[in-house]
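K.L.:
here's my sequence, what's the structure:
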Amino acid sequence: MKKRILFYIGLIYVGLTVSSCSDFLQKDPPSSPSESIFWQKKSDFDYALTACYSSIIDNGFTSDMGPCFDNLTDNALCQFDDGWYGKTKTMIMGDIYSTTDGFVSGVFNGSFKAISRCNLFMDKLNAYEGTDISDTDRTYMIAQVKALRAYFYHWLFFCYKEVPVFTNFLSLEEQYQPKASRKEIYDQIMKDFSEAAAALNDATYMDAPGRFTKGACYAYMARVEMFNAYSDDNGIPTGIAKPEAMKKVIEYCENVKGYALDKSLRTAFIESQQMSSTEMIFSARYAAPDLTNSANVAYCAWSCTMIQRNLVDAYECTDGKAWGESPLTVPVNEDLLTSPAADKAAVRAEREKLFINRDARMSASIIPSTVYRFPELPGYPDNAVIYDSEPGFTGFGVFRFIQPFTADEKPYNSIVGADFNLMRYAHVLLMLAEAENEANGPTAKAYDAINQVRVRAGQPELPQGLTKEQLRDRIRKEWRIETVLEGWRYFQLKQWNELKNVPAIVAQEKLYTVAAKYEDRFMFWPIPQAEIDKANGLLIQDPAYK
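P.N.:
Numbering: from 1, shown residues only. The predicted model follows:
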């Protein structure tokens, strides 16, 4: 339980430090105002609200390292054993213990640090008697921070079986708390999001970039409700949906208003276009040159994430038929592709054949053999840039959110201020399609929602007459293709109870050998042992990890 931490209210522009517990007490730096002179005026609360939001980018798991969750699935693999990438290279091999760093400790500690910030903010605002904060501003601030608290509790809910729930900033004497049940965690998340949604307006990303809006709250309520809908009465995912819960998902999705799919697949991901996006709902907010993300360095220069061939094969041809079955399939020389001694240029040319006549989302998300073609630069599609300082062993790399660079530029030196998408309208449409099919079968509403996503990508609409089971399969495939490298796949495989299938798929990868491992206990992670040790018996480890 991350209560024994130094609570930083530090901002990008303001060096304010607030200490919470004795283990981390330190003198404030000379330039930092102490707590005794902070919380005295509206501008202090404005700064503090920004600090609460900075928790999103402070924690890589909910910003630029979020795509590494795909390394735990059938989508991708991690090239390096590094905590920065969540330790996903070894996690997929079964390295999930109470002493594991990376995502296992980072999500727990980072989430509770953020929750503590939110609780302190609300405690201070509730006690504030100044007249320079209007009732309207007060309501808005509280709603923002409640939504943020719910957002971080939803991470804990998805990753750990049970965790403490607290809604006030804890004193030194109160810092250790027992775990709450999954129902209690779920109830707190939905309560916070519901109250925030009721207080916020229907502003969109263009009106409030990187801030929670009514629509963003409802979208996350839908996501949490859907995860819970696939769980049994003990909160354990089973893969079997509860129709009544799915009806709630439908309601939440239909309350997300004012958004529409962007015409271009790139608009929501390219810095120069994001402020014109009608699709972005919530994001990790960056602002170059003062605050930049590491995407071009981590995923391009270092190729930390390598795309699996299984994902490449999952993209349809442009006629809507599976690659290998469609008459539009361009055959490739598999022996050449998997030969480590083959000529590099010949292999590169052969891999490019796999991208011919394919769903446009393939070339918008994946690159073959470190070949980058940016639609935003002159000369597209003949403006190929080959950058292979750290080529991935699978032969396929990340393109989805890589910002344009030319042959004369280096990704190492990229100044990237693009937001990282956390919730898009495409996600809402696919949640609506999935929930409608599970609750009511293959209705026109379910077809319309998924077809909007497909048609935007240039793919044909799904054929009429599919059974509920057939449409379920198509929706799940659509989820995979639409949300590549956005960090959704891992949690969806959890809720569908399909994580157990990952090792067999990973074993098919011919160019990068990984002995992936699955155990039922991996559905949830252990609480970090350091927190257990400090809790004097109040915080109990998940029995699966004792």
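
K.L.:
give the helix, strand or coil label for the residue lying closest to residue 39 once chain neighbours are set aside.
P.N.:
Spatially, and ignoring its direct neighbours in sequence, residue 39 is nearest to residue 124 (4.8 Å; CB to CB, 6 or more residues apart in numbering). For glycine as for every other residue, the C-beta is placed from the backbone atoms N, C-alpha and C. Of the three states, residue 124 takes helix according to DSSP: H, G, I helix; E, B strand; the rest coil.

K.L.:
now do the same for residue 124: its pLDDT.
P.N.:
What the model reports as pLDDT for residue 124 is 97.

K.L.:
burial of it, as a residue count?
P.N.:
18 (other CB atoms under 10 Å).

K.L.:
look up how far residue 169 lies from it.
P.N.:
8 Å (CB to CB, to the nearest Å).

K.L.:
quick one on the thing from earlier: show me the contacts for the residue nearest to residue 39.
P.N.:
Taking CB atoms under 8 Å, 6 or more residues apart in numbering, we find residue 124 in contact with 39, 45, 48.

K.L.:
top of those residues by number of neighbours, please.
P.N.:
residue 48 (24 neighbours).

K.L.:
what strand or helix carries that residue?
P.N.:
Applying DSSP states H and E as the criterion places residue 48 in helix 42-58.

K.L.:
could you point out which element follows that helix?
P.N.:
strand 76-78.

K.L.:
ok now that next one, how far from the chain's centre?
P.N.:
When distances are taken as CA atoms, centre = their mean, to the nearest Å, strand 76-78 is centred 16 Å away from the chain's centroid.

K.L.:
tell me the domain ranges of this structure?
P.N.:
1-73+92-199+498-546, 295-418 (automatic domain parsing).

K.L.:
by mean pLDDT, show me the worst of these.
P.N.:
domain 1-73+92-199+498-546 (a mean of 86).

K.L.:
checking the most centrally placed residue in the chain next. Helix, strand or coil?
P.N.:
Closest to where the C-alpha atoms of the chain average out (CA atoms, centre = their mean) is residue 487, at 4.0 Å. Look at residue 487: counting by three-state DSSP, its state is coil.

K.L.:
test my guess that residue 194 contacts residue 220.
P.N.:
No - counting by CB atoms under 8 Å, residue 194 stays clear of residue 220, with 10.7 Å between them.

K.L.:
who has more neighbours out of those two?
P.N.:
Neighbours were counted for residue 194 and for residue 220 using other CB under 10 Å; residue 220 has more, 27 against 16.

K.L.:
hmm, back to that, which one of the domains of the chain lies nearest to residue 463?
P.N.:
When the domains of the chain are compared by CB to CB, domain 295-418 sits nearest residue 463, at 8.2 Å.

K.L.:
need the distance between the two termini of the closest one.
P.N.:
Domain 295-418 has an end-to-end distance of 9 Å (criterion: CA to CA, to the nearest Å).

K.L.:
equivalent analysis for stretch 233-241, please.
P.N.:
OK, stretch 233-241 end separation, CA to CA: 12 Å.

K.L.:
contact partners for the nearest residue to residue 359 once chain neighbours are set aside?
P.N.:
Spatial nearest neighbour of residue 359, excluding adjacent residues (CB to CB, 6+ apart): residue 315 at 4.6 Å. Residue 315 makes contact with 323, 358, 359, 361, 362, 481, according to CB under 8 Å, 6+ apart.
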